[in-house]
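[1] Coordinates only, no sequence provided:
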């Protein structure tokens, strides 16, 4: 290892399938312009990303730390003390130059470990959910404000994955800490020019006909992602588009509830639950349309991937998606939690192929010019340099 290389330790709560985990994986596996050595520590448990990371040769530690309720206060404190002790040893052994934390719990722990080891801390804020909201929820906002000021405000640097998140942080923190937007980025060519495959054979392997019109969605099966609204929209469209099949990629705690909804609304023949998959470029490659009905997002990677694949995209009009899509120009934005709006947008996209094609070409160009993996890596490494130069 060259003496001038910098050691970055990423902290994350788990290795489940999620945007934060994918960003960490991409940063750790990308070619560093500045000789950064990345390692990853999962605090609580493993998940599907462990195999992906180990196959890539990434330095990975899974602590499997206990997470007992704070109601059992003595045991809670004991677990926390033991976790801190292990992390301090890891930081010292790896000679970590920067702790880079993702997600709220990991950020809190990173602040403590950074203080104990005198190690600079960088936090990436992936969405606005942990920040004070504009809704009338005073208790929730009080908790969020406390977390923002006591945790985020003690970092050496904060990376916001989108401008809306940055603006919210600036409003809460002012000049307490340096804050910079580094937009999420993707491996553009992996989606714009995917590996060759037989689309007819691939459709057959999924159990869909060659004449079915395919709508894809990628996301964990949980409330945030808004699957229930897409399923409602499909029920509204079924009579006009009996050949539409929605490919739902992902797994999660709401699967049983969503399966029950599909059966209740008699759209079982129009919805396929595919679980977690590693062939997303191929799934996008056979799709006619991509829909993201989320309630809230940061800057969603799956939307960038669909845009890079030159798919027409329909997404909810929320902070993270507005930074990616200009509605009517390179995609369609609809009201969140509105099956009627989603159904109307899908209908418009499927019925106006020429306009949809124009939008998808512009969307692909936007990703190529502004949201690539290398742009994200460069922006992140610029932050590392600023932090280390300030020491």
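    The structure has been received and is ready for your questions. Quantities reported herein were computed from a predicted structural model and do not represent experimental measurements.
[2] May I ask you to confirm that residue 155 is in contact with residue 122?
    Yes - contact criterion CB atoms under 8 Å: residue 155 and residue 122 qualify, at 6.7 Å. For every residue, glycine as well, the C-beta is placed using N, CA and C.
[3] tell me the domain boundaries of the protein?
    For the chain, automatic domain parsing gives the domain ranges 6-185+372-389, 188-370.
[4] can you put these in TSV and add mean pLDDT and mean neighbour count?
    Formatted as TSV, the domains of the chain follow (pLDDT from 0 to 100; neighbours: other CB atoms under 10 Å):
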stretch	mean pLDDT	mean neighbour count
domain 6-185+372-389	89	18
domain 188-370	97	19
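[5] name the helices or strands packed onto the helix or strand containing residue 202?
    Using DSSP states H and E, residue 202 sits in helix 199-206. In terms of contacts (3 or more CB pairs under 8 Å, 6 or more residues apart in numbering; DSSP states H and E), helix 199-206 is packed against helix 280-286.
[6] Tell me, how many residues neighbour residue 371?
    Using other CB atoms under 10 Å, residue 371 has 23 neighbouring residues.
[7] For it, which residues are in contact?
    Applying CB atoms under 8 Å, 6 or more residues apart in numbering, one finds that residue 371 lies in contact with 183, 184, 185, 186, 188, 304, 324.
[8] Check residue 122 too.
    Counting by CB under 8 Å, 6+ apart, residue 122 has contacts 98, 99, 100, 101, 155, 156, 157, 158, 159, 383, 384, 387.
[9] Of those residues, just say which sits nearest to residue 298.
    Checking the contacts of residue 122 against residue 298 by CB to CB gives residue 159 as the nearest, at 11.1 Å.
[10] Which residues are in contact with that closest one?
    122, 123, 124, 125, 180, 181, 182, 379, 380, 383.
[11] wouldn't residue 76 be in contact with residue 69 here?
    Yes - in this structure residue 76 lies within contact range of residue 69 using CB under 8 Å: 6.8 Å.
[12] Could you give the separation of the helix holding residue 202 from the chain centroid?
    In terms of CA atoms, centre = their mean, to the nearest Å, the centre of helix 199-206 is found 28 Å from the chain centre.
[13] Just list what the next helix-or-strand element following that helix packs against, helices and strands only.
    Following helix 199-206 in sequence order, the next helix or strand is strand 213-218 (DSSP H and E). With contacts taken as 3+ CB pairs under 8 Å, 6+ apart, strand 213-218 sits against helix 227-237, strand 244-249, helix 280-286, strand 289-292, helix 301-308.
[14] Redo these as CSV? Include distance to residue 43.
    Converted to CSV, those look like this (distance: least, CB to CB, whole Å):
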stretch, distance to residue 43
helix 227-237, 28
strand 244-249, 26
helix 280-286, 27
strand 289-292, 28
helix 301-308, 22
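[15] Residue 113 is nearest to which of those?
    In terms of CB to CB, the element of these nearest to residue 113 is helix 301-308, at 27.4 Å.
[16] I'd like to check the angle between that closest one and strand 244-249, please.
    Using axes from the mean of the first three to the mean of the last three CA atoms, to 10 degrees, the direction of helix 301-308 lies 130 degrees away from that of strand 244-249.
[17] Run through the neighbouring helices and strands of helix 301-308.
    helix 19-29, helix 188-192, strand 213-218, helix 280-286, strand 289-292, strand 313-316, helix 353-370.
[18] Need the contact partners of the next helix or strand after the first one.
    Note on helix 19-29: by DSSP H and E, the next helix or strand toward the C-terminus is strand 36-45. Residues from elsewhere that reach strand 36-45 (CB under 8 Å, 6+ apart): 1, 5-15, 24, 27-28, 32, 50, 53, 58-65, 67, 83, 87, 90, 94, 105-106, 109, 381, 384.
[19] So which of those residues belong to helices?
    24, 27-28, 50, 53, 83, 87, 90, 105-106, 109, 381, 384 (DSSP state H).
[20] and the two most separated of these?
    83 and 381 (28.6 Å).
[21] Name the nearest residue to residue 225, sequence neighbours excluded.
    In this structure, residue 225 finds its nearest non-sequential neighbour in residue 219, 3.9 Å apart by CB to CB, 6 or more residues apart in numbering.
[22] Let me fix that, I meant to ask about residue 54.
    Closest to residue 54 by CB to CB, 6+ apart is residue 60, at 6.1 Å.
[23] sorry, back to before: turn the ones in helices among the contacts of strand 36-45 into JSON lines, including distance to residue 149.
    Formatted as JSON lines, these follow (distance: CB to CB, whole Å):
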{"residue": "24", "distance to residue 149": "25"}
{"residue": "27", "distance to residue 149": "27"}
{"residue": "28", "distance to residue 149": "30"}
{"residue": "50", "distance to residue 149": "34"}
{"residue": "53", "distance to residue 149": "33"}
{"residue": "83", "distance to residue 149": "23"}
{"residue": "87", "distance to residue 149": "23"}
{"residue": "90", "distance to residue 149": "28"}
{"residue": "105", "distance to residue 149": "17"}
{"residue": "106", "distance to residue 149": "18"}
{"residue": "109", "distance to residue 149": "17"}
{"residue": "381", "distance to residue 149": "28"}
{"residue": "384", "distance to residue 149": "25"}
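[24] Kind regards, and thank you for your time.
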